[in-house]
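K.L.:
Need coordinates for the following:
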Amino acid sequence: MKPNLFDYATSELSQDAFLCWLLKWGEADLHSVDQELHRVATRFIHKVFSLHNRSLEETIHQVRIIRQFKGLDILAIINEKYAILIEDKTFTSEHSGQLERYLEEVKTNVVTRDCIPLPIYYKIVEQSNHRSIHKAGYQLFTRQEMIKILEHDDWKLPKNAILADYLQHLKRLDDEINSYKTLPVAEWTTFSWQGFYRDLQDMLDGKWGYIANARGGFWGFWWKGNERQNHYWQLEETVLRAKIEAKTNDDVKAYRDTCMSSLLKDSFEYELDLKRPKRISTGKNMTIAYRENYLQLQENGLLDFEKTVFELERYGRYNQSVESEEI
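P.N.:
Numbers count the residues shown, from 1 in each chain. Predicted coordinates:
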């Protein structure tokens with residue numbers, strides 16, 4: 001198989017370098033040097049503008065690149081009139097108000113003479129939600145959008161080797177994230193779980209992400225069934241758990257035992273197939289019941305997504321017993 005540059009250039013810094021390189025090719029005088037690179041670069045730049053509901057009518061004479069400005073991954077000044085801010089996140093996510101801070105630094109120290117900031121959050125893998133990104137004034141730029149930009153010319157691989165490698169890298173990521181649809185569950189990767197949780201989130205009002213623990217961690221999805229339930233539900237890949245969160249003024253052990261007893265009674269009544277935990281712990285967040293193999297499979301061993309969603313929705317539909325409400 002042909003080696004791919006991005007099998008080795010795997011860090012966010014490598015991707016930053018690619019984006020800086022691509023942006024610079026947007027300058028008009030580079031059209032005569034390489035038409036393909038120039039077209040792809042200008043499509044990328046115009047897409048950034050369109051995400052902010054703006055259009056760029058003028059010719060791009062200059063793209064001034066500043067890397068790691070006050071911690072921001074990429075700052076590209078277009079014609080000294082527009083400032084494209086790119087925060088590039090691959091396997092990490094935003095934190096500690098960094099997006100707002102970067103935008104304010106650019107407005108204060110760079111943007112002058114009515115220069116307009118256009119901040120984007122570039123993300124090529126999945127993330128549970130993007131509310132904080134939009135709240136900070138950024139627009140999401142996804143893997144799928146970049147694939148469309150790179151594939152635009154007759155839906156073929158670009159002639160440029162770097163563009164072609166990057167496109168294949170993104171398409172392979174896309175295939176891996178959607179692989180939960182085509183692989184037996186036993187063969188799912190971390191990307192498969194991300195794709196499954198991403199699509200499950202459209203059906204259940206929940207959140208998902210990586211949960212680190214002493215046993216090595218897992219990809220989890222958690223949601224609240226309904227307000228009559230004291231517990232919440234958490235998927236730990238192939239295991240479904242019912243969990244409670246104790247308050248500081250609770251008698252934790254008594255609260256846990258009461259919730260567990262009530263839920264196991266409900267499980268029998270509503271055929272929820274829940275079991276008592278093998279190991280019962282005491283703490284802020286506690287498992288009070290669990291079920292293995294909640295995933296519903298087709299005859300060929302692949303996931304039946306619709307039946308799995310229906311099965312999980314049962315846990316939110318049932319009304320918890322009155323005894324549990326009186327805790």
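K.L.:
Name the residues of stretch 166-184 that are buried.
P.N.:
166-170, 173-174, 176-180, 183 (16 or more other C-beta atoms under 10 Å). Quick note: C-beta positions are derived from backbone N, CA and C, even for glycine.
K.L.:
So which of the residues you listed belong to helices?
P.N.:
Secondary structure from DSSP state H places 166-170, 173-174, 176-177 of those in helices.
K.L.:
on that earlier part again, and the buried residues of stretch 166-184 as a markdown table, adding distance to Gln144 and pLDDT?
P.N.:
Conversion of those to a markdown table gives the following (distance: C-beta to C-beta, whole Å; pLDDT from 0 to 100):
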| residue | distance to Gln144 | pLDDT |
| --- | --- | --- |
| Tyr166 | 14 | 96 |
| Leu167 | 12 | 96 |
| Gln168 | 15 | 95 |
| His169 | 14 | 96 |
| Leu170 | 9 | 96 |
| Leu173 | 10 | 96 |
| Asp174 | 7 | 96 |
| Glu176 | 14 | 97 |
| Ile177 | 10 | 97 |
| Asn178 | 11 | 97 |
| Ser179 | 16 | 98 |
| Tyr180 | 17 | 98 |
| Leu183 | 20 | 97 |
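K.L.:
Could you export those residues as CSV, including distance to His231?
P.N.:
CSV is the format used below for these (distance: C-beta to C-beta, whole Å):
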residue, distance to His231
Tyr166, 45
Leu167, 45
Gln168, 45
His169, 41
Leu170, 39
Leu173, 35
Asp174, 36
Glu176, 33
Ile177, 30
Asn178, 32
Ser179, 31
Tyr180, 26
Leu183, 31
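K.L.:
Quick check: the gap between the residue sitting nearest the centre point of the chain and Ile177.
P.N.:
In the chain, the C-alpha nearest the mean C-alpha coordinate belongs to Gln127, at 1.2 Å (C-alpha atoms, centre = their mean). Distance, Gln127 to Ile177, by C-beta to C-beta, to the nearest Å: 12 Å.
K.L.:
Same question for Ser267.
P.N.:
Separation of Ser267 from Ile177 (C-beta to C-beta) stands at 33 Å.
K.L.:
List the buried residues for stretch 246-260?
P.N.:
Neighbour counts over stretch 246-260 (16+ other C-beta under 10 Å) mark 246, 255-256, 258-260 as buried.
K.L.:
Tell me which other helices or strands the longest helix along the chain touches.
P.N.:
As assigned by DSSP H, the longest helix anywhere in the chain is helix 252-270. On a contact count with 3 or more C-beta pairs under 8 Å, 6 or more residues apart in numbering; DSSP states H and E, helix 252-270 meets strand 239-245, strand 285-292, helix 322-325.
K.L.:
pLDDT of the longest one, averaged?
P.N.:
Pointing back at strand 285-292 there. Across strand 285-292, pLDDT averages out at 94.
K.L.:
Just the CA trace of that strand, in CSV.
P.N.:
Extracted in CSV, the C-alpha atoms of strand 285-292 (Å, rounded to 0.1, in the frame of the first residue of the first chain):
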residue,chain,number,x,y,z
ASN,A,285,-21.2,8.2,41.9
MET,A,286,-22.3,4.6,42.4
THR,A,287,-23.5,1.8,40.2
ILE,A,288,-26.7,0.3,41.5
ALA,A,289,-27.6,-2.1,38.6
TYR,A,290,-26.1,-3.2,35.3
ARG,A,291,-26.9,-5.1,32.2
GLU,A,292,-24.5,-6.8,29.8
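K.L.:
Fine by me, we can end here.
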